[in-house]
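# structure for the following, please:
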Amino acid sequence: FQLKINSLPLPNPVITDYELCDYNSSGDEEEVFVLNTKTAEIANGQTGVTVTYYETQADAQNQVNSLPNNYTNTSNPQQIWINIRDNATGCNTVGSFNLVVNPLPLTAVPLPIFQCSNGAVTTATFDLTVNESVTTAGAT
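Modelled structure (predicted):
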């Protein structure tokens with residue numbers, strides 16, 4: 001009789017975090033992630049494999065309760081588990097990466113900038129690169 005050993009499909013050893021900015025309902029730290037956009041990175045050039053996504057390591061190992069492709073994170077950051085399966089042999093392994101929702105940067109309303117007029121001049125040129133602490137400029 002003949003014994004055949006199939007090799008395991010291996011996910012990319014370093015799967016980068018999937019990061020989005022907190023645009024929808026800013027401050028709630030929830031966004032919709034399109035999970036299959038990570039598939040090519042996870043497969044790392046392997047063909048004939050299927051990658052599925054899970055909330056827990058146990059689900060990924062047992063291949064149950066896979067996540068929908070458009071997935072809203074439930075915590076921030078959130079670890080997502082993957083299962084990569086060889087379509088021909090059924091052999092599979094698991095790995096993980098993080099979903100991260102980054103806060104939007106705070107914006108500041110700039111202070112007004114003034115120019116004085118001598119009565120004859122009705123236009124002015126402003127240097128918008130000056131330090132914000134300088135709020136007025138005099139004209140002769």
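
# make it CA atoms for all contacts and neighbour counts henceforth
Fine.

# tell me, how many residues neighbour the residue nearest to N65 when sequence neighbours are not counted?
Computed as C-alpha to C-alpha, 6 or more residues apart in numbering, the closest residue to N65 that is not its neighbour in sequence is D59, at 6.3 Å. By the criterion of other C-alpha atoms under 10 Å, D59 has 17 neighbours.

# just say helix, strand or coil for D59.
helix (DSSP: H, G, I helix; E, B strand; the rest coil).

# close enough to count as contact, it and Y53?
No - D59 lies out of contact with Y53 (C-alpha atoms under 8 Å); the separation is 9.1 Å.

# where do the contact lists of those two overlap?
S66 (C-alpha atoms under 8 Å, 6 or more residues apart in numbering).

# so which residues of this protein form helices?
With helices called from DSSP state H, the chain shows them at 39-43, 57-62.

# in the longest strand anywhere in the chain, what's buried?
The longest strand of the chain (DSSP state E) is strand 92-102. Buried positions in strand 92-102, judged by neighbour count with 16 or more other C-alpha atoms under 10 Å: N92, T93, V94, G95, S96, F97, N98, L99, V100, V101, N102.

# per-residue confidence at the most centrally placed residue in the chain?
Nearest to the geometric centre of the chain sits E19, at 1.5 Å (C-alpha atoms, centre = their mean). pLDDT for E19: 98.

# tell me who's in contact with it.
Each residue near E19 by C-alpha under 8 Å, 6+ apart is listed here: L99, V100, V101, N102.

# which of the residues you listed lies closest to Q79?
L99 (6.3 Å; C-alpha to C-alpha).

# shouldn't the closest one be in contact with Q78?
Yes - if you go by C-alpha under 8 Å, L99 and Q78 touch, sitting 5.1 Å apart.

# who's in contact with D28?
Neighbour list for D28: D22 [criterion: C-alpha under 8 Å, 6+ apart].

# got the contact list for V49?
P9, A43, I84, R85, D86, N87 are the contacts of V49 under C-alpha under 8 Å, 6+ apart.
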